[in-house]
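Chemist: here is a sequence together with a model predicted from it:
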Amino acid sequence: MTIGVLSDTHSHDIPPALIDRLKTVDLIVHAGDICGWETLKLLKRISPTKAVAGNMDEAALKKALPLKETVICEGFKIGVVHGHMGPGPDALKNAMESFKDDKMDVVIFGHSHRAESLRVGGTLYFNPGSPNDVVKAKFLSYGLITIEAGKIKAEIVKI
């Protein structure tokens, strides 16, 4: 199983190469700040999509999407949250806090526009960065999570 992971698209155009890659995944996970319905509709036309609300999403989208979600993929528990809700501005710490009472294999988050992948206490914390932010991000990126033979692997893909 392959999961395409996005965050912080902010209703900007998604690069064509990324659209092509998403056509080959089994599931798309968007970790918030989609901002508008058109991007979500586009992703859902490409592949089954799970998404959570971010702080910059339009009001109707915030109302329609959960703040956090748990997705089970081939026996792995994957938590998804944007990372803006919590005691401070640190998206990683907020993501950790969001699932502190849940045993997750992976926690996908966004908000910072900075790609990162690290293990803490047996949980993989994965931020795909942003595929189209040319202001805050050091580089444009998205993520791929592959589950095969009972193992999970996460990769940050620079665009």
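Modeler: Perfect, I can see it now. Numbers count the residues shown, from 1 in each chain.
Chemist: may I have the helix or strand where residue 79 lies exported as PDB, CA atoms only?
Modeler: Assigned by DSSP states H and E, residue 79 belongs to strand 76-81. The C-alpha coordinates for strand 76-81 follow below in PDB (Å, rounded to 0.1, in the frame of the first residue of the first chain):
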ATOM      1  CA  PHE A  76      -1.000   0.300  11.300                       C
ATOM      2  CA  LYS A  77      -2.600   3.100  13.300                       C
ATOM      3  CA  ILE A  78      -2.000   6.400  11.600                       C
ATOM      4  CA  GLY A  79      -3.000   9.700  13.300                       C
ATOM      5  CA  VAL A  80      -3.600  12.800  11.300                       C
ATOM      6  CA  VAL A  81      -3.700  16.300  12.700                       C
END
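Chemist: and the next element down the chain from it?
Modeler: Using DSSP H and E, the next helix or strand after strand 76-81 towards the C-terminus is helix 91-98.
Chemist: tell me the angle of that next one relative to strand 76-81?
Modeler: 120 degrees (axes from the mean of the first three to the mean of the last three C-alpha atoms, to 10 degrees).
Chemist: and the helix or strand that helix 91-98 is followed by, what does it pack against?
Modeler: The helix or strand immediately downstream of helix 91-98 is strand 106-108, counting by DSSP H and E. Where contact means 3 or more C-beta pairs under 8 Å, 6 or more residues apart in numbering; DSSP states H and E, strand 106-108 is packed against strand 76-81, helix 91-98, strand 123-127, strand 141-148. From N, CA and C alone the C-beta is placed, and that goes for glycine too.
Chemist: mind redoing it with 7 Å?
Modeler: Strand 106-108 sits against strand 76-81, strand 123-127, with contacts defined as 3 or more C-beta pairs under 7 Å, 6 or more residues apart in numbering; DSSP states H and E.
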